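Visitor: any chance you can model this:
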Amino acid sequence: MVLVCGLAGIVFFRTTMLQEIVEFYVSDIGMHVWLEQDDCIILSHGNLLLGFCHRETPEVDGMITFFYPAKEDVDAMYGMLSQIATSQPALNEKYQIYQFFAQDPEGRALEFQAFLHPIEPIGF
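Guide: Sure, this is the predicted structure:
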């Protein structure tokens, strides 16, 4: 038995295009394959774990948010993803964040943001 310490959970999505989605999140977003199963692949980005499982219908509700240490990191992601962005990077004064939005190949909403105020580190 392998004990994995510090992991809190995984968010799973149904997909009709498993390999294409995994390629997008690995190549374009910078995630890493954490675990491969028969028809599901789990990806990691820092402490975020996303699972994609091949199914007959995709699940695209909700939003996947990636956060970065600084505005410059968000701008760099925008530079790489501007062709799929649905907004330009902007200040959101209400939440004190800098953000832009995009969509993955199946239409899932993606947000890329940096907090503009101090945040507590996530402990494991």
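Visitor: switch to C-alpha atoms for all contacts and neighbour counts from now on
Guide: Fine.
Visitor: in the sheet, who's paired with the nearest residue to G62 once chain neighbours are set aside?
Guide: Using C-alpha to C-alpha, 6 or more residues apart in numbering and skipping the chain neighbours, the partner closest in space to G62 is A109 (6.8 Å). Using DSSP bridges, the bridge partners assigned to A109 are M63, Q103.
Visitor: pLDDT weak spots in the protein?
Guide: Residues of the chain meeting the criterion pLDDT under 70: 1-7, 123-124.
Visitor: where does the record place the domain boundaries for it?
Guide: For the chain, automatic domain parsing gives the domain ranges 9-56, 60-124.
Visitor: would V26 count as being in a helix?
Guide: Yes - assignment of V26 by DSSP: H, G, I helix; E, B strand; the rest coil places it within a helix.
Visitor: now mean neighbour count too, for the domains of the chain, in CSV please.
Guide: Listed next are these as CSV, based on neighbours: other C-alpha atoms under 10 Å:
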stretch, mean neighbour count
domain 9-56, 16
domain 60-124, 15
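Visitor: thinking again about what came up before, from D38, how far off is the residue nearest to G62?
Guide: 26 Å (C-alpha to C-alpha, to the nearest Å).
Visitor: just to be sure, D75 is in a helix?
Guide: Yes - applying three-state DSSP, one finds D75 inside a helix.
Visitor: all helices for this structure, in order.
Guide: Using DSSP state H, the helices of the chain run over 18-23, 71-81.
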